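**Q** Below are the sequence and a predicted model for it; my questions follow.
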Amino acid sequence: MIHPNSEIQEFDIVIIGSTGDLSMKKILPALMRRFIDGQIPENSNIFCIGRQQLSTEEFLDSLKERIKIDKYQDNSNKIIKFLSKIRYHCLDVGNPNKKNLVSFQKQLGVNNKIRLFYFATAPELFGVSAKFIKSEKLTNKNTRVIVEKPIGDNLLSAISLNKLLNNSIK
């Protein structure tokens, strides 16, 4: 639990693999609950990246259906504010469409806000995702990368992947 007097800095979170189960069933609902509890600053943003050709509105419709938004009726104003923070971008991190990439880069902007990249993908795509954020210069001095385990298939592959992830944010 976060201490009530803790200051939470504003941040941008980029969820790569946002149309998958991990994002739709765990990450985004958890972020929503944190927002309802006042633990996400007003100027924070949520960028969702996926390969499916969806508009932000279509993505949000899918999200509302999957997290059963109706059960949060007591917080409807907060839910509306939370959903307004989400922007969906159709991008294949292995082969990004330039038009969509430029749109995403413009919305992400250039700033030194804490920038979290959450790799909600299969472990074999962690390296591709790390190379994407580095090659497209999406990092800043406050970048963090979040991955779900397992990391690699064995010790050697885990060490290799860890080096790749560390190099992607430097």
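**A** Perfect, thanks for sending it. Numbering: from 1, shown residues only.

**Q** which residue ranges form the strands in this protein?
**A** 11-16, 45-50, 86-90, 114-119, 143-147 (DSSP state E).

**Q** Generate CSV for those, with distance to F35, mean neighbour count and mean pLDDT as supplementary columns.
**A** No exception for glycine: its C-beta is placed from N, CA and C like everyone else's. CSV is the format used below for those (distance: least, CB to CB, whole Å; neighbours: other CB atoms under 10 Å; pLDDT from 0 to 100):
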stretch, distance to F35, mean neighbour count, mean pLDDT
strand 11-16, 12, 23, 97
strand 45-50, 9, 24, 97
strand 86-90, 11, 21, 97
strand 114-119, 15, 22, 96
strand 143-147, 18, 16, 91
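
**Q** In TSV, list these along with distance to S157.
**A** Output for those, formatted as TSV (distance: least, CB to CB, whole Å):
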stretch	distance to S157
strand 11-16	20
strand 45-50	24
strand 86-90	29
strand 114-119	16
strand 143-147	13
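
**Q** which residues does F117 bridge with?
**A** Under DSSP bridges, the beta-bridge partners of F117 are V14, V145.

**Q** The top helix by length along the chain packs against which elements?
**A** Across the chain, the longest stretch assigned as helix under DSSP state H is helix 155-168. Under the contact criterion of 3 or more CB pairs under 8 Å, 6 or more residues apart in numbering; DSSP states H and E, helix 155-168 touches helix 126-135, strand 143-147.
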